[in-house]
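>>> Structure here, sequence nowhere to be found:
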């Protein structure tokens, strides 16, 4: 279990051009506190790439390999193999992609890398739509959410399909570790990052990372919404380990309205 | 060692001799036997490398890229649809200036579905920033792969190289190949360690984002580097000759061009058949020659102008088509010769598509067609020569 | 240049035969050689052709073989479905795996047709009717193009280790039979390479 | 600025490299009341930009990268942080 007080001071990503209150950059900043400086990031055109590796603002203090949108996990495999050939042991290779780069266009490469059993961690920072390109729906957009490609109108009622069960998909690859997390629960999230580091073979984490402009809420609510998503049962904290899936039970779920009301993307549902 | 190998086996032998460290590839006919052979070498313990069994060609090139930025020597191979599937990664690799070698067993693109040779696949990737070298024999496939590693990693080039060999006609045809000794290859091609690589002690971002000014600047220097490769390809070919007593002329390979009034320009294995035809017609007193374009990118415009300036008709045989215009090579040769003082007529022929056999008779027919135009001019008519399509 | 066309069915080893012959000629004999399959995917049971070229100088021609000097038929049932004689050069030779002269074989003015029951031989020696090495050797022996020793070395280089000894035993039996086949007509006598027009027609 | 040497090697550059701090984006700024801070580290943990530094008894705040998102203010369990408008009197006071 990670102890918050014992996390290192060093910031391994700082000075990014992320929006004020970005849940994604918070997810990455926190993960790097556990991962440490012996980490290589592999990432793909997304908000994250745009705000951390766009010259002249390079915000990572660890190596970062940028690759095409569908290829995060494939490039991860290459980096893992290359570091092995170079005899560089103990370096963690971390694929980082948004939900689109993970559950949609990146799924084939991720499936390949999971199935090969390469030793890496894949972190999907899930903000539930294509935010970098202007909030289009992805396979991770929740039912009912308004996006620019699931607009609300006299017929349209937002996203028509429930969110893709990505944890189920990765678990079906029989990998050693997979989990969902929320930046609203950092102790839980970072302990999962630590577990992911400790297993031999691929580990997958999907961390809910609210997006103020994409979801349509005030930037100071990022962490609150990340918590409310869990408390209202919209974002189960689940763990797949040793072939078993466990889901953290919410004893007294809060009304769904508490989670939906602050977000413009759900405004049409509340009337 | 005198061996009897097909083109694919020759490529695999080169990849092993180059002490390639990481291979990632996806099967596709007629490339597959290259990577099967490499997998066999690794399984038998005769080659020390990691073989990444990827789920697609797109992933193959992404994995090669990931391995290459760690500072290892990498290889992949593909063909046709697979190369098309790699298209966006091709730009990423060349743009990031990652040296690597990819063998392309040239094959037509569907539809109609085909598995047989033409150059459409690689020619369609002309503008991806890769160096493209086309070979004529299995021996040249082996030798060019070794040269390609050296060209790609040259500090002033840093550009990936495609080694293109005609599907089946080379990939699946066995012939005598001299396989050099490991020690000799080691002397020619030292191990690869770039100036910087993925290193937690010295972190780099690979493939940064860049605004309009900087993007343009990076692309300018990318262009300078691939143009520089013209010299480097020749230099490496000369160096190769010093080590192995074999040379391929660098960018172009000339055969009886010096006094030819009709020169045929081709890429790939067709050149072999064309040599027989040139020799035959020469014996009959016809002033014909052959120019085999070895380097399609960078395009050897100076060498073409020098070699073709005295020809009266240049016949270009494309195994590809830029639909809506003509054979790609024909356009490029025309452009290269455009402002010569005595500009030869260029006649574009399209043939050998989807594995269509290019026989000696057909090549002789092209020569005779062009020779006839020259004779008409000698009789005082205007020099007019048409091209054609092998339907 | 001498050109050989091999006919078989997918799985019978015609492609390997073409390769063994080329290898024996180029590495263990004093020829230049080139061999290739009929380009495409090979399906088990479907008719397959493969080719070998021999010459005493480097082979540059990459076009298909239309007029073979030799045709080897690994499976006589192909005679019913395939024109194995197509394009056979004048004075060409056909070697057929069959026990007796086939009535189906149409008379050929200028071709020599030889028969060898390689299937029976292979059953006796290998225990299975795999005839490609026997037919390679039969062509070598009947024509005198290659020595038995060269073919044996090529067999050892191409076949999996565990199959080599048996196949060499088969090769020796086939070679002796083939020499009788060739007899005085053995084609290797005299000039071995034709140097006729490289381009036969416009 | 990149040199010709950098440009020749491709778009692969040493990191980190910051041309600006992002504090200039800020319209509002968090102000810490040291008397109310009990060093619980909630702000340190949740600041997306890593603007807080842990101290012996209280955190300290470096505004170089602070974009004024307000998460620290919203999350502080002791109301030790408040948001003030940039350029306001309150902001000027906090600079003393």
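That came through fine. Not measured: the values here are computed from a predicted model. Residues are numbered from 1 along each chain as shown, chains lettered A, B, ... in the order given.

>>> Can you tell me how far residue B:9 is from residue B:228?
32 Å (CB to CB, to the nearest Å). For every residue, glycine as well, the C-beta is placed using N, CA and C.

>>> Same check on residue C:118?
59 Å.

>>> List phi and psi for residue 53.
I went with chain A, as the question did not name one. When read as degrees, to the nearest 10, the backbone of residue A:53 gives phi -130, psi 30.

>>> The intended chain is chain D.
Torsion angles, degrees, to the nearest 10, at residue D:53: phi -120, psi 140.

>>> got a list of what it touches?
A:9, D:44, D:59-62 (CB atoms under 8 Å, 6 or more residues apart in numbering or on different chains).

>>> now swap in residue B:143 and tell me
Here residue B:143 is in contact with B:14, B:240, B:244, B:246, B:248 (CB under 8 Å, 6+ apart).

>>> Selecting buried members of those in ChimeraX, what would you type?
To isolate the buried ones among these in ChimeraX, judged by 16 or more other CB atoms under 10 Å in any protein chain shown, type:
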select /B:14,240,244,248
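
>>> on that earlier part again, more neighbours: which of residue B:9 and residue B:228?
residue B:9 (23 against 17; other CB atoms under 10 Å in any protein chain shown).

>>> does any part of the strand or helix carrying that one sit near chain A?
Assigned by DSSP states H and E, residue B:9 belongs to helix B:7-17. No - Helix B:7-17 stays clear of chain A (CB under 8 Å from any CB of the partner chain), getting no nearer than 14.5 Å.

>>> continuing past that helix, what's the next helix or strand?
Downstream of helix B:7-17, the next assigned helix or strand under DSSP H and E is strand B:22-25.

>>> and that following strand, is it in reach of chain A?
Yes - against chain A, strand B:22-25 shows contacts by CB under 8 Å from any CB at B:22, B:24.

>>> Tell me which residues are up against that strand.
Here strand B:22-25 has contacts from A:74, A:77-78, A:81-82, A:85, B:15, B:31, B:34-35, B:38, B:42, B:49-52, B:54, B:59-61, B:63-64, B:67-68, B:72-78, using CB under 8 Å, 6+ apart.

>>> Going along the chain, name the helices of the chain.
The chain I'm using is chain A. A:23-35, A:47-52, A:72-85, A:99, A:107-116, A:166-171, A:186-198, A:212-215, A:222-231, A:256-260, A:267-270 (DSSP state H).

>>> that answer is for a different chain, and I need it for chain D
So, for chain D - with DSSP H - the helices run D:4-8, D:42-46, D:71-75, D:89-94.

>>> do the same with chain C
Assigned by DSSP H, the helices in chain C fall at C:14-26, C:78-81, C:118-125, C:132-143, C:148-158, C:161-182.

>>> Output the ones you listed in a markdown table, with mean pLDDT, mean neighbour count and distance to residue A:132 appended to each entry.
As requested, the helices of chain C are arranged in a markdown table below (pLDDT from 0 to 100; neighbours: other CB atoms under 10 Å in any protein chain shown; distance: least, CB to CB, whole Å):
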| stretch | mean pLDDT | mean neighbour count | distance to residue A:132 |
| --- | --- | --- | --- |
| helix C:14-26 | 97 | 28 | 52 |
| helix C:78-81 | 88 | 14 | 61 |
| helix C:118-125 | 93 | 19 | 67 |
| helix C:132-143 | 93 | 29 | 60 |
| helix C:148-158 | 96 | 20 | 56 |
| helix C:161-182 | 88 | 18 | 57 |
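
>>> closest to chain B out of those helices?
helix C:14-26 (4.2 Å; CB to the nearest CB).

>>> Count the residues that sit near residue B:76.
31.

>>> hey, what's the closest residue to residue A:49 other than its chain neighbours bridged with?
Closest residue to residue A:49 apart from its sequence neighbours, by CB to CB, 6 or more residues apart in numbering or on different chains: residue A:43 at 5.3 Å. Per DSSP bridges, the residues bridged to residue A:43 are residue A:66, residue A:96.

>>> and if you look at residue A:180?
Here residue A:180, judged by DSSP bridges, has bridge partners residue A:206.

>>> Give me the distance between it and chain D.
19 Å (CB to the nearest CB, to the nearest Å).

>>> Run through the residues of chain D sitting next to chain A.
D:2, D:11, D:13-22, D:25-26, D:41, D:45-50, D:53-54, D:65, D:67-71, D:73-75, D:83.

>>> Run a quick check on residue A:221 versus residue D:69, I expect a contact.
No - under the criterion of CB atoms under 8 Å, residue A:221 makes no contact with residue D:69, lying 9.7 Å away.

>>> ok, the two, which is more surrounded?
Neighbours were counted for residue A:221 and for residue D:69 using other CB under 10 Å; residue D:69 has more, 30 against 21.

>>> The more buried one contacts residue D:46, doesn't it?
No - contact criterion CB under 8 Å: residue D:69 and residue D:46 do not qualify, at 9.7 Å.

>>> got the residues of the stretch 51-200 of chain A near chain B?
A:53-55, A:58, A:60-68, A:70-71, A:73-86, A:88, A:91, A:108-109, A:111-112, A:115-116.

>>> if you set the cut-off to 6 Å instead, what comes out?
A:53-55, A:58, A:62-68, A:71, A:74-75, A:77-79, A:81-83, A:85-86, A:91, A:109, A:112 (CB under 6 Å from any CB of the partner chain).

>>> Could you do chain D as well?
So far as CB under 6 Å from any CB goes, chain D lies against chain B at D:7-8, D:10-15.

>>> let's see 8 Å
So chain D meets chain B at D:2, D:4, D:7-16 (CB under 8 Å from any CB).

>>> May I see the ChimeraX selection of the buried members of those?
Buried members of the residues of chain D next to chain B, defined by 16+ other CB under 10 Å, are picked up in ChimeraX with:
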select /D:2,7,8,9,10,11,12,13,15,16
